[in-house]
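Visitor: Any chance you could fold what I've pasted below:
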Amino acid sequence: MLLDTTNKKGSSLFNSRVLLFLISQNLSLFGSSVVGFAIIWHITLETSSGTWLMLGTLTTMIPQVLVSLWGGVWADRYNRKHLIMLSDTFVALATLVLALFYIAGFRQIWLLLAISAVRALGSGVQSPAVNAIYPQLVPPEGLTRVQAVNQSISSALMLLAPAAGGLLLGWLDISWAFFVDVITASLAVGILAFIKIEKNPGIKVKNTIFKDLKEGFGYTFSHPLLKRIVLCYGFSFFLMTPAIILTPLQVGRSFGGDVWRLTVNEMVWTIGSLVGGILISLHGDFKDKVRMIALSLGAFGILFALLGLAPNFVLYLCIMGTAGLFLPLLITSETVFVQEQTREDMLGRVFSILQIVSVSAMPIGIMLFGPLADAVSVESILILTGILLVLVAVWYERSSKRVEFPIDKNRVA
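Guide: Numbers count the residues shown, from 1 in each chain. The predicted structure follows:
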């Protein structure tokens, strides 16, 4: 029996289908995160090779970028609920095949990378569909609160996932981590199957996929606010790469390479994100989301620069935890802003473009800042990129404020 609460207006914000959807997607996220950590650590322990780790990172990013283009079109053409279920099922089956190979004794690193690439294909299809489906579940005034709650749950699970991955890898075998993902994905699909979500009313399967793709780019870059947020995201994620990738190196060089320091470094960021998500869920909607996005990016810039100036590890952790507070504010404000500004039949394509830009920016940043960190201090890189990030935040707010409001999102492009 399907849970039918399709009338969003006037219903409780956290009705049964919203809660079940959040549970299903965070179950899926948890299983995928456990496998992701287990694979990276397994590669590290087996090879101790930076090259293999780089390949492991690229195999999770490049396929996701490539398929996201089509994933956005499919999310606008077809039933988004079915796309999410098919993506989860596809990833679960690929992971099950990997688990069976490992149980049979076929334990090759290249096989891990191949399955990681296949799993990334599923994520590239699932992510635009998930982001695009929220307006079909939640009334506009509730999008910020629901996204904030989702960010809090995700942050809490990101605290548990590394521990679970480490326990399974250390006490049992990596095969058990694979089965965790199979089980959580199966549960996610089963839960989602019981939720009735109306088909996107704007879906029109008339054009070729390439024409739909072209229309998506045309719509996004002819919309003055969406164009600015795409550009902002590209520059921002590029400049945030050192803080995301190089801070463990900074900790090891400047404060000591103890495992507990690296672990705490990751934990305080996640705890900050968890607290930030809770605070936003209690506050509710923000009227000026452009300012909130700019505020988040500006705060990141200042705090990342301060990481480069921190004289001791305790102060460093305080700054890192404070920076984590702003992650839910950025993601929630950006996601809801795009949902509010975009035509419903374009949501999948717009979110896929944002995903492509953000995911692509990091490998470019890694290729630049990774070698640079061997020539200059990580602290210098953090200070420079932090200052540039503040400038991006200022540009984004000022340029967006010059756009005449309101914009008829149905007439753009």
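Visitor: Skipping its backbone neighbours, what lies nearest Arg349 in space?
Guide: The spatially closest residue to Arg349, leaving aside those adjacent along the chain, is Gly216, at 2.9 Å (Cβ to Cβ, 6 or more residues apart in numbering). All C-beta atoms are positioned from the backbone trio N, CA, C, and that covers glycine.
Visitor: what's the spacing between the one you found and Thr144?
Guide: Distance, Gly216 to Thr144, using Cβ to Cβ, to the nearest Å: 25 Å.
Visitor: before we move on, what about Ala294?
Guide: Distance from Ala294 to Thr144, by Cβ to Cβ: 16 Å.
Visitor: now swap in Val392 and tell me
Guide: Distance check for Val392 against Thr144: by Cβ to Cβ, it reads 23 Å.
Visitor: Which residue ranges make up each domain of this protein?
Guide: 15-141+153-206, 214-401 (automatic domain parsing).
Visitor: Now render these as a markdown table, adding mean pLDDT and mean neighbour count.
Guide: Shown next, in a markdown table, are those (pLDDT from 0 to 100; neighbours: other Cβ atoms under 10 Å):
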| stretch | mean pLDDT | mean neighbour count |
| --- | --- | --- |
| domain 15-141+153-206 | 81 | 19 |
| domain 214-401 | 86 | 19 |
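Visitor: The one helix or strand Ser358 maps to - contacts with which helices or strands?
Guide: Assigned by DSSP states H and E, Ser358 falls within helix 347-375. Identification of packing neighbours for helix 347-375 by 3 or more Cβ pairs under 8 Å, 6 or more residues apart in numbering; DSSP states H and E yields helix 50-77, helix 109-137, helix 209-222, helix 224-241, helix 313-341, helix 378-401.
Visitor: From Val230, how far off is Glu215?
Guide: According to Cβ to Cβ, Glu215 stands 16 Å off from Val230.
Visitor: before we move on, the earlier item: how about the contacts made by the residue nearest to Arg349?
Guide: Neighbouring residues of Gly216 by Cβ atoms under 8 Å, 6 or more residues apart in numbering: Gly72, Val73, Asp76, Met346, Arg349, Val350, Ser352, Ile353.
Visitor: From what I see, the third one and Val350 are in contact.
Guide: Meaning Asp76. No: contact criterion Cβ atoms under 8 Å: Asp76 and Val350 do not qualify, at 9.1 Å.
Visitor: for the nearest residue to Ser254 once chain neighbours are set aside, what are its contacts?
Guide: The spatially closest residue to Ser254, leaving aside those adjacent along the chain, is Glu379, at 7.3 Å (Cβ to Cβ, 6+ apart). Glu379 sits next to Gln250, Ser254, Leu307, Gly308, Leu309 when contact means Cβ under 8 Å, 6+ apart.
Visitor: could those be laid out in JSON lines, adding distance to Ile39 and secondary structure?
Guide: Putting the contacts of Glu379 into JSON lines (distance: Cβ to Cβ, whole Å; DSSP: H, G, I helix; E, B strand; the rest coil) gives the following:
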{"residue": "Gln250", "distance to Ile39": "25", "secondary structure": "helix"}
{"residue": "Ser254", "distance to Ile39": "29", "secondary structure": "helix"}
{"residue": "Leu307", "distance to Ile39": "28", "secondary structure": "helix"}
{"residue": "Gly308", "distance to Ile39": "31", "secondary structure": "coil"}
{"residue": "Leu309", "distance to Ile39": "35", "secondary structure": "coil"}
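Visitor: any chance of these in JSON lines, plus distance to Val65?
Guide: Output for the contacts of Glu379, formatted as JSON lines (distance: Cβ to Cβ, whole Å):
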{"residue": "Gln250", "distance to Val65": "28"}
{"residue": "Ser254", "distance to Val65": "33"}
{"residue": "Leu307", "distance to Val65": "28"}
{"residue": "Gly308", "distance to Val65": "30"}
{"residue": "Leu309", "distance to Val65": "34"}
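Visitor: Closest one to Leu137 out of those residues, please.
Guide: Here the nearest of the contacts of Glu379 to Leu137, counting by Cβ to Cβ, is Leu307; it sits at 37.5 Å.
Visitor: Hmm, that closest one is touching Gly321, no?
Guide: No: the criterion here is Cβ under 8 Å, and Leu307 misses it with Gly321 at 11.3 Å.
Visitor: circling back: please work out the angle formed by the directions of the helix holding Ser358 and helix 313-341.
Guide: Following axes from the mean of the first three to the mean of the last three Cα atoms, to 10 degrees, one obtains 160 degrees for the angle between helix 347-375 and helix 313-341.
Visitor: What's the biggest helix in the protein, counting residues?
Guide: helix 16-47 (DSSP state H).
Visitor: and it, what does it pack onto?
Guide: The contact analysis (3+ Cβ pairs under 8 Å, 6+ apart) places helix 16-47 against helix 50-77, helix 80-103, helix 109-137, helix 143-171, helix 174-193.
Visitor: how about CSV for these, with distance to Lys401 added?
Guide: Formatted as CSV, the helices and strands packed on helix 16-47 follow (distance: least, Cβ to Cβ, whole Å):
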stretch, distance to Lys401
helix 50-77, 28
helix 80-103, 33
helix 109-137, 25
helix 143-171, 20
helix 174-193, 39
